[in-house]
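*Asks:* Let me see the structure of the following:
(one chain, ligands or ions: 1)
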Amino acid sequence: MIPASLPVRVPLVNDEVGIFKSLQMARHNILSIIPASATKQPTVSGKTGKRWHMVMDPPIIREILLDRLDDYPKSVVTKNLLKPAIGESLFIAEGAHWRWQRRAAAPVFSARNMLNLSPIMTSAAQRSCERIAAAGQRAVNMLDEMVTTTFDVISDVTFSGGDTFDRDAVYTAIDDYIAQAGKISLFDVLGFPDWVPRPDRIMSGKALQNMKQMADRAIDARAQRGKDGTPDLLDLLLDGIDPKTKRKMNTAELRDNLLTFIVAGHETTALTLSWSLYLMGFDQTAQEKARSEAQSVLQGRAATGDDVANLPYIRQIIDEALRLYPPAGMISRTAQKADTLGGCEVRRGDTVMIPIYALGRHELLWDDPDAFKPERFADRKAIDRYAYLPFGDGPRICIGASFALQEAVIILATLLSRFKFLPVKGKDPDPIMILTLRPNGGVWLTAEPV
Ligand code: HEM
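*Replies:* Numbering: from 1, shown residues only. Below you'll find the predicted structure:
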């Protein structure tokens, strides 16, 4: 069966309407501040309170993310938003304070350690299959299901066996935070007045405090008890030492980094899987092809870390889902000095955005940009590195990229080898970006055992 139409997408703002007029829309969906011209031109600039530029030209993006890191640090907006939750952790620190934390955390995400952690992903995939099977003929919201599954993974790999750790409470705290912070981010991006409350004022909330206290208790308990079994992320960070300065992390730094891994790692991976499953419902031919690959490799068992390299088509589906629906749909930087980017005049303090969503659908960079064609990733060398940035790039590239990809391949392959997923009529999701690009309304599928 050939899909008759394109998968769901966001109607981008028509330039004549004007970005400012679309603010009302943008309140609910930050993607709707992206003008349609961002998928046709290399740069777009504007002023809505603050001066901003969107850059979609791969060589200029490379300059911003790789060559001129110090001139384009993470934006003030990003920092204001995330600091109340994750302190001066790896995600937002700059300069020497960022560098030493990145070095100390690097071994946690090494290829060898990824394989050590993969059994946790395999059992989470197995448990997900059991829950889906239990739903029988009823449609399942695969967004909720994937959030549960990836939270299972991240909480097990961060604080394994943590009896001091209440998963539900942590999940609720993060969800509330993202919902609150997301609303405010738009005001910041577009330069709203200072009387608009900022997250540090409203988010000294109880949920966040509880979450931090729980993490602190888990860290103290582990330091006293010592480790047993395969080391988890907490053990590895406790041992982590900056090879240059010999510095180790104190409890607050450990806590902020662990919470960073949970906040940055769990929802993004759940979204990748949910969008991949939506696309599988949308394109039954691709689903059949993926299932036959998964079944021939797995022979009835759940996928493991060692299987990942033998599941290239499953990986292409995930790559294509990340192009069409990048969970981090936009990254932003604040210019530190006057500059010219692709002919645009940039002033000190301007916000420079890389709209990953528009980049992945750019007409000059992709053939048939809005279509779902996983095969375009069959030859990775043919893809321009700076045209495809679901994980960012340069020194600040996502530290968890291989962790997320391994997890997504293990879970998607296992699910497709066991079930045939069918879409529920009239229930297509709406792509909405608050902090992350979510399928609003959920991803509703029925699952027939195969
Ligand atoms: C599909 C899943 C994921 C996506 C799409 C994603 C996306 C990103 C992106 C775009 C950035 C760069 C942001 C910027 O330059 O402004 C980033 C950074 C980061 N991500 Fe991820 N991420 C994912 C999974 C994970 C996981 C699983 C972890 C950890 C367990 C993680 C931890 C981090 C950290 C710590 C940084 C900051 C790195 C630094 O600044 O040195 N992410 N991620």
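
*Asks:* Spell out which parts of the stretch 201-350 of the chain neighbour the ligand.
*Replies:* Selection of the stretch 201-350 of the chain residues close to the ligand by C-beta under 6 Å from any ligand atom yields Thr260, Phe261, Ala264, Gly265, Thr268, Thr269, Thr272, Pro327, Ala328, Ile331. All C-beta atoms are positioned from the backbone trio N, CA, C, and that covers glycine.

*Asks:* Try it again at 8 Å.
*Replies:* Proximity of the stretch 201-350 of the chain to the ligand, by C-beta under 8 Å from any ligand atom, involves residues 233, 257, 260-262, 264-266, 268-269, 271-272, 322, 326-328, 331-333.

*Asks:* Among these, which are located in strands?
*Replies:* Among these, the members falling in strands (DSSP state E) are Ile331, Ser332, Arg333.

*Asks:* and which of those residues is nearest to Arg315?
*Replies:* For those, the residue nearest Arg315 by C-beta to C-beta is Ile331; the value is 23.2 Å.

*Asks:* Settle this for me: the closest one is touching Tyr357, isn't it.
*Replies:* No: between Ile331 and Tyr357 there is no contact under C-beta atoms under 8 Å: 10.7 Å.

*Asks:* More neighbours: which of the two?
*Replies:* Under the criterion of other C-beta atoms under 10 Å, the comparison of Ile331 against Tyr357 puts Tyr357 first, with 26 against 21.

*Asks:* Find the nearest non-adjacent residue to that one, please.
*Replies:* Gly329 (4.1 Å; C-beta to C-beta, 6 or more residues apart in numbering).

*Asks:* Now do the one you found against Gly441, distance only.
*Replies:* 17 Å (C-beta to C-beta, to the nearest Å).

*Asks:* Please identify which of these two sits among more neighbours.
*Replies:* More neighbours surround Gly329 than the other of Gly329 and Gly441, with 25 against 13 (other C-beta under 10 Å).

*Asks:* Look up phi and psi at the more buried one.
*Replies:* Torsion angles at Gly329 (phi, psi; degrees, to the nearest 10) stand at phi -80, psi -10.

*Asks:* on that earlier part again, just the ones of the residues of the stretch 201-350 of the chain next to the ligand in helices?
*Replies:* Among these, the members found in helices (DSSP state H) are 233, 257, 260-262, 264-266, 268-269, 271-272, 322.

*Asks:* Pick out the most distant pair among those.
*Replies:* Top of the distance list for those (C-beta to C-beta): Asn257 and Leu322, 24.2 Å.

*Asks:* now the chain, which segments are flagged as low pLDDT?
*Replies:* Across the chain, the ranges flagged by pLDDT under 70 are 1-4, 14-28, 30, 32, 49, 160-168, 170-171, 174-175, 177-207.

*Asks:* Give me the most central residue, it.
*Replies:* Thr268 (3.1 Å; C-alpha atoms, centre = their mean).

*Asks:* List the contacts of that one.
*Replies:* Thr268 sits next to Pro327, Ala328, Ala404, Thr436 when contact means C-beta atoms under 8 Å, 6 or more residues apart in numbering.

*Asks:* cool, Val108 as well?
*Replies:* Taking C-beta under 8 Å, 6+ apart, one finds Leu233, Leu236, Leu237, Gly240 in contact with Val108.

*Asks:* What sits closest to Asp384 if chain neighbours are left out?
*Replies:* Distances taken as C-beta to C-beta, 6+ apart put Pro58 closest to Asp384, at 5.3 Å, once the chain neighbours are dropped.

*Asks:* Report how many residues lie close to Ile318.
*Replies:* Neighbourhood size, Ile318 [other C-beta under 10 Å]: 26.

*Asks:* Now it. Nearest residue, chain neighbours left out?
*Replies:* Nearest non-adjacent residue to Ile318, counting by C-beta to C-beta, 6+ apart: Ala408, 4.9 Å away.

*Asks:* ok, and the closest non-adjacent residue to the closest residue to the ligand within the stretch 351-450 of the chain?
*Replies:* In the stretch 351-450 of the chain, the residue that lies nearest the ligand is Gly400 (2.2 Å; C-beta to the nearest ligand atom). Closest residue in space to Gly400, ignoring its immediate chain neighbours: Gly265 at 5.0 Å, by C-beta to C-beta, 6+ apart.

*Asks:* which ones are touching that neighbour?
*Replies:* By C-beta under 8 Å, 6+ apart, the residues touching Gly265 are Thr150, Ile154, Gly400, Phe403, Ala404.

*Asks:* can those go into TSV with extra columns for secondary structure and neighbour count?
*Replies:* Formatted as TSV, the contacts of Gly265 follow (DSSP: H, G, I helix; E, B strand; the rest coil; neighbours: other C-beta atoms under 10 Å):
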residue	secondary structure	neighbour count
Thr150	helix	27
Ile154	helix	27
Gly400	coil	22
Phe403	helix	24
Ala404	helix	24
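
*Asks:* Go through the residues you listed and name the one nearest Leu416.
*Replies:* Thr150 (16.8 Å).

*Asks:* where do the helices sit along the stretch 351-450 of the chain?
*Replies:* Ranges of helices in the stretch 351-450 of the chain, per DSSP state H, counting those that start in this stretch, are 356-359, 401-418.

*Asks:* helices or strands next to the longest one in the packing?
*Replies:* Looking back up the chat, that one is helix 401-418. Applying 3 or more C-beta pairs under 8 Å, 6 or more residues apart in numbering; DSSP states H and E, we find helix 401-418 packed against helix 111-134, helix 142-158, helix 251-282, helix 284-298, helix 312-324.

*Asks:* Show me which parts of stretch 93-100 are buried, residue by residue.
*Replies:* Ala93, Trp98, Arg99, Trp100 (16 or more other C-beta atoms under 10 Å).

*Asks:* Pull the distance from that stretch to the chain's centre.
*Replies:* 22 Å (C-alpha atoms, centre = their mean, to the nearest Å).

*Asks:* Same question for stretch 412-432.
*Replies:* Distance of stretch 412-432 from its chain centroid, counting by C-alpha atoms, centre = their mean, is 19 Å.

*Asks:* what's the closest non-adjacent residue to Gly87?
*Replies:* Asp256 (3.7 Å).

*Asks:* count of residues packed around that neighbour?
*Replies:* By other C-beta under 10 Å, the residues close to Asp256 number 23.

*Asks:* start at 31 instead
*Replies:* Right, with 31 as the first residue, what we last looked at is Asp286.
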